[in-house]
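Predicted model follows, preceded by the sequence.
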Amino acid sequence: MRFRSKKMAKKYVERRKLVAQMLETYPICQRCNAKASEEIHEVLSRARGGDILDIENCRALCHMCHFWITTNPAEALKTGWLKNSWDK
């Protein structure tokens, strides 16, 4: 198991609450509007400076839509499902 600092562990407790809230609020995928939401996607990823607790940065997606965004980053950037750090 990976070590997390107390600060990060606390942040992930809040993240689990946010995920539960979003999946309840958006039971259908926000991208395809067809399948059940299963995962939360950050438009501005943590690696690019995004905040995992910012509800405005999160989208509830089905697994296939989340996979599409991950495997098609150029198209996802064009369509607004991903942002670069300078797009803040």
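Okay, I see it.

Which is the succeeding secondary structure element to the longest helix along the chain?
Longest helix of the chain, by residue count under DSSP state H: helix 6-25. Per DSSP states H and E, the first helix or strand lying C-terminal to helix 6-25 is strand 39-42.

following that following strand, which helix or strand shows up next?
That would be, after strand 39-42 and using DSSP H and E, strand 58-61.

now that next one, how far from the chain's geometric center?
The chain centroid and the centroid of strand 58-61 are separated by 5 Å under Cα atoms, centre = their mean, to the nearest Å.

Report the rounded mean pLDDT for it.
The pLDDT scores in strand 58-61 average 98.

Show me what the longest helix of the chain packs onto, helices and strands only.
strand 39-42, strand 58-61 (3 or more Cβ pairs under 8 Å, 6 or more residues apart in numbering; DSSP states H and E). All C-beta atoms are positioned from the backbone trio N, CA, C, and that covers glycine.

Which neighbours in the sheet does the last one have, and how are they oriented?
Put plainly, it is strand 58-61. strand 39-42 (antiparallel) (DSSP bridges).

can I get the CA coordinates of the strand it pairs with in PDB?
Provided in PDB are the C-alpha atoms of strand 39-42 (Å, rounded to 0.1, in the frame of the first residue of the first chain):
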ATOM      1  CA  GLU A  39     -16.300   7.300 -12.300                       C
ATOM      2  CA  ILE A  40     -15.300  10.900 -11.600                       C
ATOM      3  CA  HIS A  41     -13.100  12.700 -14.100                       C
ATOM      4  CA  GLU A  42     -11.100  15.800 -13.500                       C
END
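
Need the contact partners of that strand.
Residues outside strand 39-42 that contact it (Cβ atoms under 8 Å, 6 or more residues apart in numbering): 18-19, 22-23, 50, 52, 57-63, 66, 69, 81.

can we see that at 7 Å?
For strand 39-42, the external contacting residues (Cβ atoms under 7 Å, 6 or more residues apart in numbering) are Val19, Met22, Gly50, Ile52, Asn57, Cys58, Arg59, Ala60, Leu61, His63, His66, Ile69.
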